[in-house]
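Novice: Please find the sequence and the predicted model below.
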Amino acid sequence: MSLIETETVESPRLLLSKLKRERPVCFRPEEFFEDNFDVDTFLALNRKSFTLESLKKDLENYSTTIQNSLVELINRDYADFVNLSTNLVGVDQTILKLEAPLIDIHADINIISQSIDSEVQLIAEKLQLRSQIRNKEEILHGLMNIEKLTNKIEQLIDNQTEGKESLFERVASEYSQLQFYVNKNENLPFVQNMRPRIKRISDYLEGGLHKSFKSGLKNNDKNSVTQCLRIFTTLGRVDQSEQLFADAIIAPIIEEIVCKQNLSESGLEGMYCQILDALPAATALVLSLTSPRKDNELRSFDFMSNATFPTIVSKICTNTPALFAAGDPKQFQKSYKETMKFISGFEKLCQYKERVANLRQHPSYKNFISKWSLPIYFQIRLQEIAGSFEHQLLSPFTFNTDRQSETSTSQTGVKYALPVSVMLELCINRCWEEDVLLRPLTHRFFKLTLQLLRRYAVWLSEIPTSSEELIVSDICKAVHDSYLIVDQVPNFVKKLTSDKIPVFDQTEILSISCKDILDSIPVLADYVINDVIKHCEKALEQTQAVPRLFRRTNREMPTEPLGYVSQLIGPIETDIYNSVLPDIVRQEWCSKTAHQLVTRYSETVAEILISLRKTEDSLAMLKRGRKSAAQTASTTNSCTDEDKIRAQLKLDVTELGAKLDIMGIPKGEEFEKLQNLVAKR
């Protein structure tokens, strides 16, 4: 790069630094060097911060600085500018001299390129022609082989100098090659003309092979069957041999066993046993020849999965269609279990795990399993079990002697207080009984178990809102049973399901269901406590009558509590303390009820004492207004009505505390406040 070019490239930066040193401006000079510089945008951005006057002045100064810098640059490098024009003299002549040779070279290159392109195209055409010739040669070779193999096979068939088995094997080998060429050229006229001859060979081979295979199976000729199976493998007709085995050997046996008459005489289990007894002899030969070992050339055959089982299933579905009806759940469950037992026995006859896996993936197996309407069966059982429980919920507190024992003893030996609790356990047990449960429905019956527990919890929470007239003792029985269920049912369910779902730990999910039951108890507690307090309030109203017993009367100072105290504490003792509630729950409910009772009793006593104080103050003022010395002397050193009333209330409070102590109910701070209230003057 020349000096001029260097200075020209660097001059914008030099001018910019020089301008900044001489005088700062209100805009960024770098903006002029940006590729997307726009005058309108430049003015719009800068006029927001500066006036047009100052912007114009700074631009003029910047322009002057640039002009001065250009003059200085020209003056400094003037000699270079002059030499530049001198050095360029004669350059145009040199360029003209080079132009003609370059044009000639370009023309020569174009000619060579065109020649190469034409040669490439010619080669491509020849390669394509060669490919077509090769394809035709292959076709011709195939047609010649078809003719040759057809003639050869026909000669073998016509001469028949060998044994049938050896002849069939040779014909099968040649026929396999023939089919290869025929499939590659099947649309050609020559092949179409050869079709009758090929069909004659195919019919001969198929007829003879089928006859030989059936004969070998019936006569238990191992060599003949082995050779036939080898021929079937060579021809790629494995499925044909399996179907032939099913029709010739299995179908007659199954047709005789699987029929309505035999089903009615021997029963389903007996019929299945007859099938399993007959199969080993019928399948022993082919099973021994077709083991799935890697070194066995006949391992591609699977007569149990592809021939025997589909035939059995077909006959069962055709001859005994009523077997799959779920209308009678008891019979359906029995039939299903016997069928699964039969399938298990059939799988044992397969001898190899690979064969069992193939059987379970076979369409006939899946179709047979799907014919059993397990969802319908479960719905029937669901209506039966859940319906029984819902029916009992219509009268949860009343035993129906036609259906349950009055002893209310459950399956676990636990004594429940309510029939609905007994029914819950009976329904859960019913889900897991041997004549109800089916293995594929285990998850559904476990879900039903959880739903029954949840339904019981919902019923508990809905008791207070029931339209029926409730008895506190019934609610206490429900709470009593709830704690028994939470304590007993999880272990009961685990015991029932231990051999049915051994890999599943039900502890956590059962604990959640039990928690739902326990969460319903606080609502019942509030209802019972409020109901007991309402009964206590009736006796509490009698407390208001205490002042009337002693005001303006000549009664002696009281020495015994009034009878309303027993009535006050009676509902707690009758409905809660003497109930069937668990000890901890009974103590808790008694304490809460007693606390509310003492609180309300304290409020009532406080009102009585306040009213009594106001009355006594009014009477005292009246007495002071009278100037009778006799009256003053008569009241001196005598017990007032207030003293008698306070004494009576104190006796009543003491009696209440004694009764709470007898029941073992903590009296608490509220009772101490009540004692202090009636004690102070």
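Specialist: Happy to help now that I have it. As the structure is a prediction and not an experimental result, all values here were calculated from the model.
Novice: And the helices in the stretch 501-650 of the chain?
Specialist: Applying DSSP state H, counting those that start in this stretch to the stretch 501-650 of the chain gives helices spanning 507-519, 521-540, 546-550, 564-571, 583-625, 629-635, 641-662.
Novice: got it, and the stretch 251-400 of the chain?
Specialist: 251-257, 260-289, 303, 309-319, 329-350, 353-361, 363-370, 374-393.
Novice: roughly how far is the first one from the heart of the chain?
Specialist: Averaging C-alpha positions (CA atoms, centre = their mean, to the nearest Å) puts helix 251-257 45 Å from its chain's average.
Novice: That helix - contacts with which helices or strands?
Specialist: Helix 251-257 sits against helix 260-289, helix 309-319, with contacts defined as 3 or more CB pairs under 8 Å, 6 or more residues apart in numbering; DSSP states H and E. Where you see a C-beta, it was placed from the backbone N, CA and C, and this is true even at glycine.
Novice: Take the last one, keep the C-alpha atoms, and write them as CSV.
Specialist: Listed in CSV are the C-alpha atoms of helix 309-319, where the atom choice follows Å, rounded to 0.1, in the frame of the first residue of the first chain:
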residue,chain,number,x,y,z
PHE,A,309,-53.6,-73.1,20.0
PRO,A,310,-55.4,-71.3,17.1
THR,A,311,-57.3,-74.5,16.3
ILE,A,312,-58.3,-75.0,20.0
VAL,A,313,-59.4,-71.4,20.3
SER,A,314,-61.4,-71.5,17.1
LYS,A,315,-63.3,-74.6,18.2
ILE,A,316,-64.0,-73.2,21.6
CYS,A,317,-65.3,-70.0,20.2
THR,A,318,-67.5,-71.8,17.6
ASN,A,319,-68.8,-74.7,19.7
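Novice: circling back to that earlier point, the helices of the stretch 501-650 of the chain: which one's closest to Cys228?
Specialist: helix 507-519 (58.5 Å; CB to CB).
Novice: I would like the residues contacting the closest one, please.
Specialist: The list of residues contacting helix 507-519 from outside it, by CB atoms under 8 Å, 6 or more residues apart in numbering, reads 450, 453-454, 456-457, 460-461, 482, 485-486, 489-490, 493-494.
Novice: ranking these by neighbours, who comes first?
Specialist: When neighbours are taken as other CB atoms under 10 Å, the top entry among these is Tyr456 (27 neighbours).
Novice: Quick one: residues contacting it.
Specialist: Applying CB under 8 Å, 6+ apart to Tyr456 gives the contacts Val420, Ser421, Leu424, Ile485, Ile517.
Novice: Please flag which of the residues you listed sit within helices.
Specialist: Those of these mapping onto helices are Val420, Ser421, Leu424, Ile485, Ile517, per DSSP state H.
Novice: from those residues, which would you call buried?
Specialist: The neighbour-count test (16 or more other CB atoms under 10 Å) marks Val420, Ser421, Leu424, Ile485, Ile517 as buried among those.
Novice: Arg197 versus the second one, what's the distance?
Specialist: When distance is defined by CB to CB, to the nearest Å, Ser421 is 86 Å away from Arg197.
Novice: and if you look at the third one?
Specialist: Taking CB to CB as the measure, Leu424 falls 81 Å from Arg197.
Novice: Could you do the fourth one as well?
Specialist: Distance from Ile485 to Arg197, counting by CB to CB: 85 Å.
Novice: and what of Asn296?
Specialist: According to CB to CB, Asn296 and Arg197 sit 35 Å apart.
Novice: Over to Glu255?
Specialist: 39 Å.
Novice: ok, now Ile376?
Specialist: Here Ile376 is placed at a distance of 58 Å from Arg197 (CB to CB).
Novice: now Val565
Specialist: For Val565, the distance to Arg197 (CB to CB) stands at 122 Å.
Novice: now swap in Gln542 and tell me
Specialist: Counting by CB to CB, the separation of Gln542 from Arg197 is 123 Å.
Novice: do the same with Asp617
Specialist: 139 Å.
Novice: Ok, Ser566 next?
Specialist: Distance of Ser566 to Arg197, computed by CB to CB: 120 Å.
Novice: One more: Phe378?
Specialist: 62 Å.
Novice: Let me know the pLDDT of Arg195.
Specialist: Looking at Arg195, its pLDDT stands at 71.
Novice: Count the residues that sit near it.
Specialist: Residues lying near Arg195 (other CB under 10 Å) number 12.
Novice: got it, and the one 4 residues further on?
Specialist: The criterion is other CB under 10 Å. On that basis, Lys199 has 10 neighbouring residues.
Novice: Check Lys315 too.
Specialist: Neighbours of Lys315 (other CB under 10 Å): 20.
Novice: Pretty sure it sits against Val258.
Specialist: Yes - using CB atoms under 8 Å, Lys315 is in contact with Val258, at 4.3 Å.
Novice: Point to the helix or strand of this structure where mean pLDDT is at its lowest.
Specialist: Lowest on mean pLDDT, DSSP states H and E among the helices and strands of the chain sits helix 629-635, with a mean of 45.
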